[in-house]
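# Fold the stuff below for me.
(2 chains)
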Amino acid sequence: AQSVTQLDSQVPVFEEAPVELRCNYSSSVSVYLFWYVQYPNQGLQLLLKYLSGSTLVKGINGFEAEFNKSQTSFHLRKPSVHISDTAEYFCAADYNNAGNMLTFGGGTRLMVKP
Amino acid sequence: ETGVTQTPRHLVMGMTNKKSLKCEQHLGHNAMYWYKQSAKKPLELMFVYSLEERVENNSVPSRFSPECPNSSHLFLHLHTLQPEDSALYLCASSQDGGAGNEQFFGPGTRLTVL
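Just a heads-up that it's a prediction; the model follows:
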């Protein structure tokens, strides 16, 4: 079965430090990848997505992610985090043949400390 | 109202109660989704409606019954739930027509089953 794995359930980091949240997906001929963020008591909001083309994708709030086909990874990065980035981050995959049915990873809680 | 709204935001019910969750999208989309978000588990897709027809039911127990009367509204009818059904229930919508389209999420209904 297709799956998405987020290796870290929690990532603590100090404010203004860089951060990387890891995501690995099942190998597939075709896959679309997404990162969503969920702030407390809110629904999920799209940060960025990879459909095709350039493997480096830039999103909102200064986040970016790189699609790496050989490593089946789509890690999320930010060079300098803020307290307001504290949230749960979800990686998701659309394995194309499922249309809009996303497979989500377990989520990574980013905790930014002052 | 804009985006995807869900009511109620919080719901406490006994195992013998019958209640309904409501979702409304104001985005002109033609596909809607119910997800279950439990602690320490990935988001679980429960139901998908496209053009008001159910296209996916991921083996959800029959005590959950969805209804999609039109492309803007989605309900989840609940009856004789179990304590393990306590979770955050998220509604989402998208413009169907192919993989890669962004799903827009509502804020969720926090359900507690006593």
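# hey, let's count contacts and neighbours off CA atoms from now on
Will do.
# burial measure for the closest residue to A:Leu76 other than its chain neighbours, as a count.
Among residues not flanking A:Leu76 along the chain, A:Ala65 sits closest, at 4.4 Å (C-alpha to C-alpha, 6 or more residues apart in numbering or on different chains). Using other C-alpha atoms under 10 Å in any protein chain shown, A:Ala65 has 27 neighbouring residues.
# show me the contacts for A:Ala65.
Listed by C-alpha atoms under 8 Å, 6 or more residues apart in numbering or on different chains, the contact set of A:Ala65 reads A:48, A:56-58, A:74-77.
# which residues does it form a beta bridge with?
Per DSSP bridges, the residues bridged to A:Ala65 are A:Val57, A:Leu76.
# Assign a three-state SS to the closest residue to A:Tyr89 other than its chain neighbours, would you?
Leaving aside its chain neighbours, A:Tyr89 sits nearest to A:Val37 (4.5 Å; criterion: C-alpha to C-alpha, 6+ apart). At A:Val37 the chain is in strand, as set by DSSP: H, G, I helix; E, B strand; the rest coil.
# How about the one 5 residues further on?
Three-state call for A:Gln42 (three-state DSSP): coil.
# How many residues are close by it?
Number of residues near A:Gln42 (other C-alpha under 10 Å) recorded here: 14.
# do the same with B:Val55
Count around B:Val55 with other C-alpha under 10 Å applied: 12.
# does it belong to a helix or a strand, and which?
Using DSSP states H and E, B:Val55 sits in strand B:53-57.
# Quick check: neighbours of that strand in the sheet, parallel or antiparallel?
strand B:44-50 (antiparallel).
# Flag every residue of chain A that's near chain B.
Counting by C-alpha under 8 Å from any C-alpha of the partner chain, chain A comes close to chain B at A:32, A:41-46, A:51, A:94-102, A:104-107.
# distance of the residue nearest to A:Tyr89 from B:Ser20?
A:Val37 sits 27 Å away from B:Ser20 when distances are taken as C-alpha to C-alpha, to the nearest Å.
# Looking at those two, which is more packed in?
Legend: neighbour count by other C-alpha under 10 Å for A:Val37 and B:Ser20, higher for A:Val37 (22 against 16).
# what's across from that one in the sheet?
Beta-bridge partners, per DSSP bridges, of A:Val37: A:Gln45, A:Tyr89.
# Please identify which helix or strand holds the one residue sitting closest to the centre of chain B.
Among the residues of chain B, B:Trp34 comes closest to the average C-alpha position under C-alpha atoms, centre = their mean, at 2.8 Å. Applying DSSP H and E as the criterion places B:Trp34 in strand B:31-37.
# where are the low-confidence patches of chain A?
Segments of chain A classed as low confidence (criterion: pLDDT under 70) are A:96-99.
# whoops, chain B was the one
B:1, B:97-99.
# what does it put close to chain A?
Counting by C-alpha under 8 Å from any C-alpha, the residues of chain B that sit close to chain A are B:40-45, B:90, B:96-108.
# This completes my enquiry, with thanks.
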